[in-house]
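[1] Show me how the following folds:
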Amino acid sequence: GMNNLGDVFTARQLVALNTLSDLVQEAVAKCERDALSAGVDSSGVDLNSGGSGARAYAQAVGMYLAFLVDQVANHQSTICGWNHPNTQMRSVFSRQALPMTWDYAEANVFSDSSGSFNNLFERQIKGFEALGACGGGHALQADACTQTISAEKVVSTDPPYYDNVQYSELSDFFYVWLKRTVGDLYPGWFQATLTDKDDEAVANPARFADFGPRRRDLARQDYERKMAAIFRECRRVLRPDGVLTVMFTHKQVEAW
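    Presented below is the predicted three-dimensional model:
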């Protein structure tokens, strides 16, 4: 009976998550006003465009708050179980799947216990502190079949594990909340209603349901075709003496 992501939340949880999502936008606006009052650069360049002034600062704060809302969603759904040995609530993604639960645990989002907004906020701050004075990182999203990011470099890849994990379906759980909170900051990332499924390299028989008994073979062929194209591209962009490392974990030898 679960036809969309909203079905894994109670009405109370949806009110809390939608309210927190709306407050992210209000917080971004307030941060920008406060930064301008403090004399921060008022050029108005967005974070997405490489800005570093008041607007970009506020949007960066909004991104962190959006991550926090996603974590609240991870701890506020009817899929959250109970970790009996630790006597605490178990989040949705205790592993790479949406589990089946018969009874669920629910935290008071306004308390200080595990799964609450305050508890998750404190954990986020501790994460920042653990980063130390690092130089920061940089991430790009690209099609592995046509990318040039790896040209003349070492390629180290942890590819999709055949049919073990349905990544895009799991990503949708967080995507919908990110789109609501910061979708306007990165419109190019959030144009679609849900994440792209067609171009994903994963063996998912459900995408070939109309073909009946052939669906598993077609899913396998689709995965292997896409992975072959990815490895061809890796070979093309690497130097002749280049290095390619692959981490692949699957219990079935055929998947290797």
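
[2] low-scoring stretches of the chain, by residue?
    For the chain, applying pLDDT under 70 flags the ranges 132-136.

[3] Tell me which stretches of the stretch 1-150 of the chain form helices.
    Counting by DSSP state H, counting those that start in this stretch, the stretch 1-150 of the chain has helices at residues 11-37, 54-74, 117-131.

[4] how close does the residue lying closest to residue 206 once chain neighbours are set aside sit to residue 203?
    With C-beta to C-beta, 6 or more residues apart in numbering as the criterion, residue 206 has its nearest non-adjacent residue at 7.7 Å, and that residue is residue 215. C-beta coordinates here come from the backbone N, C-alpha and C atoms, glycine included. Going from residue 215 to residue 203 by C-beta to C-beta, to the nearest Å gives 10 Å.

[5] Could you do residue 148 as well?
    Distance, residue 148 to residue 203, by C-beta to C-beta: 27 Å.

[6] And residue 61, by the same measure?
    Between residue 61 and residue 203 the distance is 40 Å, computed by C-beta to C-beta.

[7] more crowded one of the two?
    Comparing residue 61 with residue 203 by other C-beta atoms under 10 Å, the one with more neighbours is residue 203, at 24 against 18.

[8] mind listing what the more buried one touches?
    162-163, 219-220, 222-223 (C-beta atoms under 8 Å, 6 or more residues apart in numbering).

[9] Just the buried ones among the residues you listed, please.
    Among the contacts of residue 203, the ones that count as buried by 16 or more other C-beta atoms under 10 Å are 162-163, 219-220, 222-223.

[10] With distance to residue 176 and secondary structure added, can I get these in TSV?
    Output for these, formatted as TSV (distance: C-beta to C-beta, whole Å; DSSP: H, G, I helix; E, B strand; the rest coil):
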residue	distance to residue 176	secondary structure
162	26	coil
163	24	coil
219	25	helix
220	30	helix
222	26	helix
223	26	helix
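
[11] can you put the residues you listed in CSV and add distance to residue 20?
    Shown next, in CSV, are these (distance: C-beta to C-beta, whole Å):
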residue, distance to residue 20
162, 37
163, 35
219, 37
220, 41
222, 38
223, 37
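
[12] how near is residue 11 to residue 78?
    The gap separating residue 11 from residue 78 is 11 Å, by C-beta to C-beta.

[13] Who has more neighbours out of those two?
    Comparing residue 11 with residue 78 by other C-beta under 10 Å, the one with more neighbours is residue 78, at 16 against 8.

[14] Now do the contacts for the closest residue to that one other than its chain neighbours.
    Nearest non-adjacent residue to residue 78, counting by C-beta to C-beta, 6+ apart: residue 104, 4.6 Å away. Taking C-beta under 8 Å, 6+ apart, we find residue 104 in contact with 77-81.
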